[in-house]
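Visitor: Quick one, structure for this:
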Amino acid sequence: MLDKIMRKLRQFMQGRYGGDSLQRLIIVVHLLLLIVNLFARSWIIFILLFILSGILIWRTLSRNIKARTYENAVYMSLTRGIRRFVRLQFRKFRDRKTHVYRKCTKCKAEIRLPLRPRSDAPRRKGVFKITCPRCKSGLSMKI
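Guide: The predicted structure is shown next:
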């Protein structure tokens, strides 16, 4: 029974766009507005929720794959800097016990320096001479 339903759904979605990064953003905004509207009880937010639901359904079921792909590409290019910043902050937090991040004074690249050369070695301290992987300049950095 469930296999038959899944096969029919797959058949229905064949040739349709489906989901992408822009739709994930719309879903997050939709959920946030839904939570806000639980407390605010605003008819304007309700109309916005209705419009966002329509956009989600329209984009998912669209057969104009070229246009939806273009819209997603525009969204991805507009948010490239924000996504890069968030990824860097996540990596800094994840590596906070094993690495330190410093900026190159010449090209402003973020350089990841290990706090220990090996896991059993003592923690590094002091000034170290390194070479920037991007601009190849020699730098002295304090850890």
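Visitor: Tell me where this protein has strands.
Guide: With DSSP state E as the criterion, the chain has strands at 99-103, 110-114, 127-131, 138-142.
Visitor: Output those strands as a markdown table; include the columns mean neighbour count, mean pLDDT and distance to Ile65.
Guide: All C-beta atoms are positioned from the backbone trio N, CA, C, and that covers glycine. Below are these laid out as a markdown table (neighbours: other CB atoms under 10 Å; pLDDT from 0 to 100; distance: least, CB to CB, whole Å):
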| stretch | mean neighbour count | mean pLDDT | distance to Ile65 |
| --- | --- | --- | --- |
| strand 99-103 | 15 | 86 | 40 |
| strand 110-114 | 14 | 84 | 37 |
| strand 127-131 | 11 | 79 | 46 |
| strand 138-142 | 12 | 74 | 48 |
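Visitor: so can I have TSV of the ones you listed showing distance to Trp58?
Guide: Output for those, formatted as TSV (distance: least, CB to CB, whole Å):
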stretch	distance to Trp58
strand 99-103	42
strand 110-114	40
strand 127-131	52
strand 138-142	52
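Visitor: Give me the helix or strand of the protein that scores worst on average pLDDT.
Guide: The least trusted helix or strand in the chain, going by mean pLDDT, DSSP states H and E, turns out to be strand 138-142, with a mean of 74.
Visitor: by contact count, what packs against that strand?
Guide: On a contact count with 3 or more CB pairs under 8 Å, 6 or more residues apart in numbering; DSSP states H and E, strand 138-142 meets strand 110-114, strand 127-131.
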